[in-house]
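Q: What shape does this take:
(one chain, ligands or ions: 1)
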Amino acid sequence: MELLDGKLVSAHIKEEIKKQVQEITSAGKRAPHLVAILVGENPASQAYVASKVKNCGELGFESTLVTYDADVAEEVLLNKIKEFNENKLVDGILVQLPLPKHISEDKVIETIHPSKDVDGFHPVNLGKMMLSLPTFIPATPYGILLMLQHYGIKTTGMNCVVIGRSNIVGTPMSLLLSRNAEPGNCTVTICHSKTKNMKEICSAADIIVAAIGKPKFVTADMVKQGAIIVDVGINRVESTETKSGFRLVGDVDFENVKDKCSFITPVPGGVGLMTICALMKNTLLANLNNQ
Ligand code: NAP
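A: Okay, the predicted model is just below:
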């Protein structure tokens, strides 16, 4: 088994991004500028946004963090996004999800101008992705493709099972792996909560991408010998071994699956780091398009 090491790959890609930023600024142009908007005090969202802002600093990007209380009016948030849409010094805008119930996520996503939608969630960008046109690919599936590419994994002809059909992970991942490209050219099966015979379907897969949000859902008996396992899940479970009383585990039973597969992503240290890297690549692309 070989580990698909998010730390190693993301460090490599971040070095490349840093060099590109240096070239941009040496040529007298603006460094990429990402705006992150956080609503409320969800600890996981706070941690994700803090990490995105920190990464901007490390790469020479500018960043602006805007925070709102959980009871902020939807209109206030939408007006702020419109203000950043008009601001020529801003390349990318992200609003950390999930949002409080009184705010429509669809409206928020559709208000971000597609040219600044570095999360790749806007219907225009998802449509372009479906048509294989140049666009911002949603960060988690994009990060997974970058990871497969880095390890030279050729997916053409493979049977792939994606578990989970969310708009931000499962559905775009399944499209990207099935399109005529490398990585891609897979025969993809999408599983969800209504799927029957999950074990049988997964056991035939050359690649399993698990994006469910259920700790250790994928067990060794669901995995074919030599399969490639991509674990997207981030689940907080109680632990007596950590100070906080919690630890992070994926959607895959790593300990029991690892000896059966050819490649596997750890949690933490796998897909999560690649997701941030992909977001930074999208922000750099937005900057190059906007100069
Ligand atoms: P989500 O929107 O909650 O979607 C979960 C999907 O899993 C749904 O399609 C659901 O099916 C399916 N599902 C739930 N229970 C199932 C079951 N028992 N059997 C089969 N399918 C089942 O989640 P998400 O946003 O895609 O995130 C999934 C996980 O990835 C979470 O742990 C999240 O924290 C993590 N995540 C990690 C990253 C990263 O960077 N590493 C990024 C995003 C998300 P239905 O559609 O039928 O309900």
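Q: So stretch 112-127, near the ligand or not?
A: No. Stretch 112-127 lies apart from the ligand when judged by Cβ under 6 Å from any ligand atom; the minimum separation is 10.6 Å. Using the backbone N, CA and C atoms, a C-beta is placed for each residue, glycine as well.
Q: how long is that stretch from one end to the other?
A: For stretch 112-127, the first-to-last residue distance is 15 Å (Cα to Cα, to the nearest Å).
Q: So which bits of it are buried?
A: Neighbour counts using 16 or more other Cβ atoms under 10 Å place 112, 114-122, 125-126 of stretch 112-127 among the buried residues.
Q: Tell me where this structure has strands.
A: Using DSSP state E, the strands of the chain run over 2-3, 33-39, 62-68, 92-95, 159-163, 187-191, 207-210, 228-231, 235-238, 246-249, 263-264.
Q: got the residues of the stretch 51-200 of the chain near the ligand?
A: Neighbours of the ligand within the stretch 51-200 of the chain, by Cβ under 6 Å from any ligand atom: 140, 163-166, 168-170, 191-195.
Q: Buried only: go through these for me.
A: Among those, those scoring as buried are 140, 163-166, 168-170, 191 (criterion: 16+ other Cβ under 10 Å).
Q: Name the nearest of those relative to residue 79.
A: Ranked by distance to residue 79 (Cβ to Cβ), those are led by residue 168 at 24.4 Å.
Q: and the closest one, what does it touch?
A: Applying Cβ atoms under 8 Å, 6 or more residues apart in numbering to residue 168 gives the contacts 97, 119, 121, 138, 140.
Q: State the distance from it to residue 211.
A: Distance of residue 168 to residue 211, computed by Cβ to Cβ, to the nearest Å: 9 Å.
Q: Now the common contact residues for those two.
A: Shared contacts of residue 168 and residue 211, defined by Cβ under 8 Å, 6+ apart, comprise residue 140.
Q: now the strands of the chain in TSV, with mean pLDDT?
A: Output for those, formatted as TSV (pLDDT from 0 to 100):
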stretch	mean pLDDT
strand 2-3	97
strand 33-39	98
strand 62-68	98
strand 92-95	98
strand 159-163	98
strand 187-191	98
strand 207-210	98
strand 228-231	98
strand 235-238	93
strand 246-249	93
strand 263-264	98
